[in-house]
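1. what shape does this take:
(4 chains)
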2 protein chains.
Amino acid sequence: MQSTLESTRVSSGERINAGERPGRLEAELGSRGRRLTRQRRVIVRVMDTAQRHLDIDEIYERARKLDKHVHRVTVYRTVDLLKKLGLIDELDLLHIRGDRHYYESHAAREHIHVACLRCGKVREFESALYDEMKRQIEEQLDVKIAVSRTEVGGYCRSCLPANQTKAKAAH
Amino acid sequence: MQSTLESTRVSSGERINAGERPGRLEAELGSRGRRLTRQRRVIVRVMDTAQRHLDIDEIYERARKLDKHVHRVTVYRTVDLLKKLGLIDELDLLHIRGDRHYYESHAAREHIHVACLRCGKVREFESALYDEMKRQIEEQLDVKIAVSRTEVGGYCRSCLPANQTKAKAAH
DNA sequence: ATAGATGCAAATATTTTGCCGCCAG
DNA sequence: CTGGCGGCAAAATATTTGCATCTAT
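-> Okay, here's the model as predicted:
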């Protein structure tokens, strides 16, 4: 069980698997016997094609642009359904942008979110060490892991210098 | 940079470092020039001695038992202050108990929270792989990590069988 | 046809804010 | 003394729910 550092993968853009499987959510809903209403099609379309993590309001706004017949409550209910079905992940990105929740269609492989505490940019990171660590947890704590979420906050290259002057000066 | 599995540490109880440094938060507040008011003393006392992760209401209730002069708003404000000073961590435990936030006094070493999706029990886990992974992120993404949070959800030994029948049956 | 969805409004949380009086340093 | 704090009430947010209506299957 040696460390497999070399298989680590770094994302270049915002979302590693964004748009890789368009129509995935809609197909999943269908195959699970859920009704594909006009509103649901629009909402999952927004989520399937998003290039970054969206919160409820952002999903709502984008859905409205595609179709005025989408109500905010329906977004809440649809997101809730997707969450219950395990088709999407809910993040809060360490609350650096407030207490809102952000959603993303399940990636093919679980990844880590790395956010800059100053500029707010979020990057994704995949690591063999992460998978290894989860295996270790399952073994040592005798649990079967279903989901995991890792969020890292720090300062990116371009924010590090500025950090000296106007960082979180503890109030 | 070989994997240092052997140094992994598993917690036995609920909180790895709970109660290990009583009075820590109060001392920190003092040394940072914050006023040690009656209410703050009570609130940080609750947090310093908690054996498990508490949400705002739980902190409030426990504080009230010690001293009726603690107001809910003051709990919000104090927790907020501690958060800003970086003295406590904010968790949401994958929202398995709702969208509340949970707080814990900073541990000596960052650890992972492993929650059972059925019984809700939370265990803590420390891993050298985790530290190694963070180093890897810093290196490959060129960032300076300030905080990180990992929450894992799964099924513990005793909940695994029951899981077959009454698990998250997707609504 | 009909169980399941949506829309709307109203109810619930949950957290924040303004202002004034108070107390720790 | 006095500026940071806490109490109180009210506002601002965020999310959920009841119920009538609609529609995907």
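2. roughly how far apart are A:L129 and A:D142?
-> 21 Å (Cβ to Cβ, to the nearest Å). Where C-beta positions appear, they are placed from N, C-alpha and C, glycine not excepted.
3. these two: which is more packed in?
-> The neighbour count for A:L129 versus A:D142, taken as other Cβ atoms under 10 Å in any protein chain shown, is higher for A:L129 (23 against 11).
4. gap between that one and B:S127?
-> Going from A:L129 to B:S127 by Cβ to Cβ gives 10 Å.
5. likewise for A:D131?
-> A:D131 is 13 Å from B:S127, by Cβ to Cβ.
6. neighbour count for those two, which is higher?
-> Counted by other Cβ under 10 Å, A:D131 and B:S127 do not tie: B:S127 has more neighbours, with 25 against 16.
7. that one contacts A:Q136, doesn't it?
-> Yes - B:S127 is within contact range of A:Q136, at 6.3 Å (criterion: Cβ atoms under 8 Å).
8. what about the residue in chain A positioned nearest to DNA strand C, neighbour count?
-> For chain A, the residue closest to DNA strand C is A:H71, as judged by Cβ to the nearest atom of the strand, at 3.0 Å. Neighbour count for A:H71, taken as other Cβ under 10 Å: 13.
9. work out for me the element A:E132 sits within.
-> Taking DSSP states H and E as the definition, one finds A:E132 inside helix A:128-141.
10. try A:L29
-> Under the criterion of DSSP H and E, A:L29 resides in helix A:24-31.
11. hmm, that helix touching chain B?
-> No - figure legend: helix A:24-31 not in contact with chain B (Cβ under 8 Å from any Cβ of the partner chain); closest approach 10.8 Å.
12. list the buried residues for stretch A:111-119?
-> Buried residues in stretch A:111-119, counted by 16 or more other Cβ atoms under 10 Å in any protein chain shown: A:111-118.
13. let me fix that, I meant to ask about stretch A:132-146.
-> Using 16+ other Cβ under 10 Å as the test for burial, stretch A:132-146 gives A:132-134, A:136-137, A:141, A:143, A:145-146.
14. among the residues you listed, name the ones that also lie close to DNA strand D.
-> Contacts with DNA strand D are made by none of these, judged by Cβ under 7 Å from any atom of the strand.
15. JSON lines for those residues, including distance to chain B?
-> JSON lines is the format used below for the buried residues of stretch A:132-146 (distance: Cβ to the nearest Cβ, whole Å):
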{"residue": "A:E132", "distance to chain B": "6"}
{"residue": "A:M133", "distance to chain B": "4"}
{"residue": "A:K134", "distance to chain B": "7"}
{"residue": "A:Q136", "distance to chain B": "6"}
{"residue": "A:I137", "distance to chain B": "6"}
{"residue": "A:L141", "distance to chain B": "6"}
{"residue": "A:V143", "distance to chain B": "4"}
{"residue": "A:I145", "distance to chain B": "4"}
{"residue": "A:A146", "distance to chain B": "5"}
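16. which pair in those has the greatest spatial separation?
-> Using Cβ to Cβ, the two most remote members of those are A:E132 and A:A146, lying 17.8 Å apart.
17. can you tell me, leaving aside adjacent residues, what's nearest to A:K134?
-> Spatial nearest neighbour of A:K134, excluding adjacent residues (Cβ to Cβ, 6 or more residues apart in numbering or on different chains): A:I145 at 5.5 Å.
18. check the secondary structure at the residue positioned nearest the centre of chain A for me.
-> Centre of chain A computed as the mean C-alpha position; nearest residue by Cα atoms, centre = their mean is A:E104, 3.8 Å away. Taking DSSP: H, G, I helix; E, B strand; the rest coil as the rule, one finds A:E104 in the strand state.
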